[in-house]
Each structure stands twice: as C-alpha cells, then as structure tokens.
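Undergrad: sequence unknown, structure follows:
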Ligand code: MOS
C-alpha cells in the first residue's frame, strides 16, 4: 500500500481509541520486572556463558602482541577470541565508519579487541585483566578549536547560499555575530548495550537491545560475512536508546564470536565505563551565527557556519540543519565543516543536528531580540515562515509555530517576566525566565506488519518495530483496535523480532507515524480477507465495531468469522516521494524559569513548559512522557552533560555516570506540556508526526536564556556550569 497523497477522512477522524490517554499496555510488565531486558533473557538459550570485553587502552595505533595464556588458564575460562585471530572484518559502511572488531589496527580508544568467555561474569572479568597487550602507538588528532581556526573563513563549499548574505548583513540596521560551543554528549541510556548469541546449524540468533532490527540484522550479516537469512535479531524490550542502539554494536559481535568459539550461547554486556568510548556519541561543535535585521525585527540576513568533529569518513553533527528551514530571511548562508579526529565514532543522538544546532541558534535569537529591544517570542513570530526559506515554492505541510509561541506564552505567564536581566530576586535566588523555539523534521519510513485474527476473536500484531520506552506497544495496539473495531484488551502486540515484517524501527522520530501506518495497512488487508471470507465484494461497505462486523442487516462477531482457524494478513505502508513535496516538520516553544543562587551561582530549575505542534497526538500520555523526557535531556545538555576530551591520550575522560552527569529527579521541577490540536494529512494516514526528538530541541537554549535573564551573564559555551559565570554575577 502506498501513501502517495495526503490522507483523507478515515477511521481515525472518528476515533474511539487512538488519541485517548491510554496507559501503556506494557506498563504492568515493566513495573513488575517481567519485561526482560537483553542481559536478563536467561530462558532463551540454555547453558549461557558470560563474555567480558577486552578493549584497547590507546586511541590510535597497532597491536603488536596479545598475551592470552594466563587468561586462558584462569578459573572458569572457556574461550578467548582476540582481534588478531579474526583479522579485519567488513564495516557496514552505509551506517557506520568505525570498525567494531577485527584486525591489529586500533582506530579509537576502548575499541573492542577481544572477548573472554567464562562460566561467570567475575571469572571472565578477572581473566580479561590478565591479557597483556602491546601496542605501537601513533598520535591522533583531537583539537577542534585548531581545526575551526583553520576553516573558519572557508566558504568555498557552502551547504546552501540564497541571495547575497554578505551585502545584506553589511546593510542591516541591527546585527549579531557570535560563536557558540557545544560539547560531545553521550546517550547515557539506562540499559547498557547487551546481547546473548547462540548458534545452531550455522544460523545465529542474537537477543539484544536495539532500535533498528533490520538494519542490525543486515549489519551483523555483513560483519560476519553471512547470509542475512541465517541471522535472527530479537529485541522486544529496550531500556532507552537515543540513537546509541540504532546500529549493530560490539556487544553483539563479541557475543556471536564468543559463542561460536565456545560452542555454547554467550552473553556480553558493555560495562558502563566502556559505553562512552566504545560506542557512538554526539560530536562537539563550534558554531558561528550571524543575523542581520531591520529595526522592525524582520531578519534580512542569516548565516550559520558550524564545525564538528568526526571519525574519518563520517558525517559529524549537522548543527546547521534547522537554520535552513526555521526562520525567514531573504539572504542566507549555511556552511558545514568537518574536522576528522581519532575519537570514537560520532553519530546520531536524539534529534541529531537540531539538538546541537538549536542550542546555538536559539541563544542567538535571544541575543538578537534583546538588541532589537523586542520580546524574544514576538521576534520569533515576526520571522515565522510558511514556506521553505531556501525554496519559497515549497510549503510546509502544517506549521503552527506561532500558535506554539502564543499558547505557551499565555500558559506560562511569559508576559509577566522582567526583560531586564538581573532584576528579580526571591530571597537568595536571582530569578530568570527564558524561552526558545524548537524545530525538528518529521520523516517517515516504510513500515510493515502482520495481523492475525484468532479463533477467539483476539488480534495479534507482529512487526519488527521496537519500543525503546516510547510507547510503541501501546499506540500500535490502539491503531489496530481502532481499525478493527476491537476493544484494546483484545489486541496483543509483538515487537522487535526479525522474524516479523520489517518496520520503520525507532529512529529520527519517525517510529510512531510510520509504524502505526504499517499497522493500519495490515489491518486494512485483514478487513479485505474478512470480506472475502464472508462473501462481500465491497470491503468499504463493512462496519467494524464492537469486536464484530456489520454488513447491511447482517452482523457477526470477528470470533465467529475466524472460528475455523486464524485469518492472517500482512502489509507494508510505503511512503512515496509525494510526501516530500511539502516539508513535514514539528515545532515547539519552550519556556523555563530558573533560580540562580546570588552567592554560589548554583542553578535550580523552577518551572518548565513546552507547547508542541506535532500533528495528531496518538496517545497524550505516552506523547507527554516523550516530551518531558526530552525536556529532562535538554536540562542535561544545558547544565551538565560533557564528554570531556583528554587531548593527550585521545579519549572521553567522563566515561561513567559519576563523571558524565545527567539530571536526576531532584534536578527537575514541574513540567507542563501543551499539545496543539493539529492534524497533518501530508505526514501519514493517521495525520501524525513525531514527538520523541522534538521534546529535546530548544530546551537547553531556553535554560541558558533564563540564566542570562537571571544574572545578566551570557554563557555561549555549554554546559552552563558556574565556573563560566560565577565571577561575573551581580554584586551581592
Ligand atoms: Mo534517533 S538519534 O534516530 O535514535
């Protein structure tokens, strides 16, 4: 089934289930510990051994020797696989650039170079420590500032250029020219990467924790040089991913190699201190933004130039992407530079591009509004655009950013703030208010599902879609229930198994809109099967309702129709290029109140509010959870998160949760989320878009702007930690 024109009126416009605040259907399993995570799947394969990773302790160079004898003789050790014995292994180069395993070359710190398989974790870990590795060390490159100074004036290969930016900026009545810095960040999801691997008759099954089942099945087959048909991936429950589990990671490869050599199932978890340097991260950026405007606030010139680091051959962080679309302005310049460095692979992390880009752009907009003497929300509204600013013939499908600004302002009481910084006090706290706009694209991916109507009338939905804590189980169940006229508790959803039809997977905030579209397509196919079964030619003449189907005068239960055996239908929703004739994106406005201690400079969040425009909200409970989770992550980005680089040794020093700080409950105040009541027929049959990444976008800048409003000190170098402003606080 092809989605090749905007959705017309359909069952979701008269919904009884979709759009209702529905607690997640997997909630009881989660809170009672019965939703097993990858490392806990003790029942899937008998006789599991434990593999402990061996990782490089240099960032660049070559392994000359690995001494494994002492480890092999250690208690409980069954097998050891080293990177020297496997030789180089293929890299699935459409997704990744860093090797996961194999060969003598070390490309980054904590690259996996071996796995020790033993009866217990303690035995494997103790033996791994006995392996001696000799290296020839080479010096890598780790200096983003130096790379920026070299490339700062190079505009020879811009991402885009519209009009004459330089002339318009020169002529503008009010201008801003500033640089902003964002550090590398780690996904720091709750559940570390983990896999159990078992071989049988040359076929491999991996029970793991992964966002994109089909990508990973293909990648594992490529890496191990196998037929993808002989690889099965299963990942029904995932303790967070944020992009770190989009791809095959070393845990799966080590488990597969360890299991092959040991001749028994092997499970491998990446210990937390290995996660930051062994897996991917969001690259650090330096961003220069120039904005020129007329005195009335209209932007006439805007330039965003950014550099980020990348593993050689990679794509870095697309920090400029939102600036191509977000605000109006006739003269525009977008430049992206890459600095190849020998850090671990930089790749996607929640809202890749926009999250880091808006951290800069939305401070710049705040600074510009102040220069204009204009309210920052009003300044943004004045520069709203309903068409692509780079290509005015291309409209946005639905864009209600100004309504986000208005609704958010009103609910937050934005009008009461004092625009002059450093004026508000509450006891020992300086009070500040900040806001920011948010933009995030909302792509779609083809998504398939299989539905099985059971003889007892229940419906089983099977798709390799994943639920990374987002609520996929619930919205897919709601979609199937709605389309088939079933109560929610008669629908069972099974996810994350590569034996199921290939879905969109969880990434790029495309999961909800895409996977529900695939479920809808499969249910429509089932409706046709049911019509055939009861001898009706025109499926549209059937009404599916109350676990039954009605045609004219006749009414029968779905159970009675399937009484002789299950009825199965499978279908894929394919999103055609016509979806891209308009820009499908999501928008939000964030408002934040902070207190900054007058003496210590400590920041305390006091209130947060987001107003979001993301099409039909399929489930207000799970969507809200996505947004408030994103807001928490934005607080981390604003105030804490920093993968600090040791430029001598070439690795992230802050590689555990004691050093890489993320917000805890005590850091987070009341959060409010408003969803605009919008529909986007261009986006999907359900007229829905993504919210999972939108919730993060813009938040950090809103916090930074609030700190500025509280203190009068402008920090343009994230995270906003007190060493960067303490000496400039207003005199007590
Ligand atoms: Mo997302 S960064 O595509 O998980």
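TA: Perfect, I can see it now. Worth saying up front: this structure is predicted, and the values here are computed from it rather than measured.
Undergrad: OK, contacts around residue 230?
TA: By C-beta atoms under 8 Å, 6 or more residues apart in numbering, the contact set of residue 230 is 202, 203, 204, 221. Using the backbone N, CA and C atoms, a C-beta is placed for each residue, glycine as well.
Undergrad: wait, a helix at the last one?
TA: Yes. When the secondary structure is assigned by DSSP: H, G, I helix; E, B strand; the rest coil, residue 221 falls within a helix.
Undergrad: not counting its neighbours along the chain, what's nearest it?
TA: Nearest residue to residue 221, sequence neighbours excluded (C-beta to C-beta, 6 or more residues apart in numbering): residue 228, at 4.0 Å.
Undergrad: what residues are up against that neighbour?
TA: 217, 218, 221.
Undergrad: can you add neighbour count, pLDDT and distance to the ligand and give those residues back as CSV?
TA: As requested, the contacts of residue 228 are arranged in CSV below (neighbours: other C-beta atoms under 10 Å; pLDDT from 0 to 100; distance: C-beta to the nearest ligand atom, whole Å):
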residue, neighbour count, pLDDT, distance to the ligand
217, 23, 98, 17
218, 19, 98, 17
221, 19, 98, 22
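Undergrad: tell me which of these is nearest to residue 441?
TA: residue 218 (24.3 Å; C-beta to C-beta).
Undergrad: shouldn't that closest one be within a helix?
TA: Yes. Assigned with three-state DSSP, residue 218 falls within a helix.
Undergrad: local confidence estimate at the closest residue to the ligand within the stretch 1-150 of the chain?
TA: Proximity of the stretch 1-150 of the chain to the ligand (C-beta to the nearest ligand atom) peaks at residue 95, 11.3 Å away. Confidence at residue 95, expressed as pLDDT, is 91.
Undergrad: ok, for it, nearest residue in space, not its chain neighbours?
TA: residue 247 (5.3 Å).
Undergrad: the one you found belongs to a strand?
TA: No. Assigned with three-state DSSP, residue 247 falls outside any strand and is coil.
Undergrad: touching, it and residue 220? I think so.
TA: No. Here residue 247 does not reach residue 220: they are 10.2 Å apart, not a contact under C-beta atoms under 8 Å.
Undergrad: which one's more surrounded, the two?
TA: Legend: neighbour count by other C-beta atoms under 10 Å for residue 247 and residue 220, higher for residue 220 (27 against 23).
Undergrad: where's that one relative to residue 242, distance?
TA: Going from residue 220 to residue 242 by C-beta to C-beta, to the nearest Å gives 21 Å.
Undergrad: residue 383 now?
TA: Here residue 383 is placed at a distance of 30 Å from residue 242 (C-beta to C-beta).
Undergrad: so between those two, which is more surrounded?
TA: A count of neighbours by other C-beta under 10 Å puts residue 242 above the other of residue 383 and residue 242, at 26 against 22.
Undergrad: hmm, the more buried one is touching residue 190, no?
TA: No. In this structure residue 242 lies outside contact range of residue 190 using C-beta under 8 Å: 10.2 Å.
Undergrad: which residue packs closest to the one residue in the stretch 501-650 of the chain that gets nearest to the ligand, ignoring adjacent ones?
TA: In the stretch 501-650 of the chain, the residue that lies nearest the ligand is residue 507 (3.2 Å; C-beta to the nearest ligand atom). Leaving aside its sequence neighbours, residue 507 sits nearest to residue 246 (C-beta to C-beta, 6+ apart; 5.3 Å).
Undergrad: up against the ligand, what does the protein have?
TA: The chain comes close to the ligand at residues 211, 241, 242, 243, 246, 348, 349, 350, 352, 507, 508, as judged by C-beta under 6 Å from any ligand atom.
Undergrad: let's go with 8 Å and repeat that
TA: Where the chain comes near the ligand, counting by C-beta under 8 Å from any ligand atom, the residues are 211, 241-246, 348-352, 468, 506-509, 692-693.
Undergrad: what's the neighbour count on the residue in the chain positioned nearest to the ligand?
TA: Going by C-beta to the nearest ligand atom, the ligand is nearest to residue 243 of the chain, at 2.7 Å. Counted by other C-beta under 10 Å, the residues lying close to residue 243 total 24.
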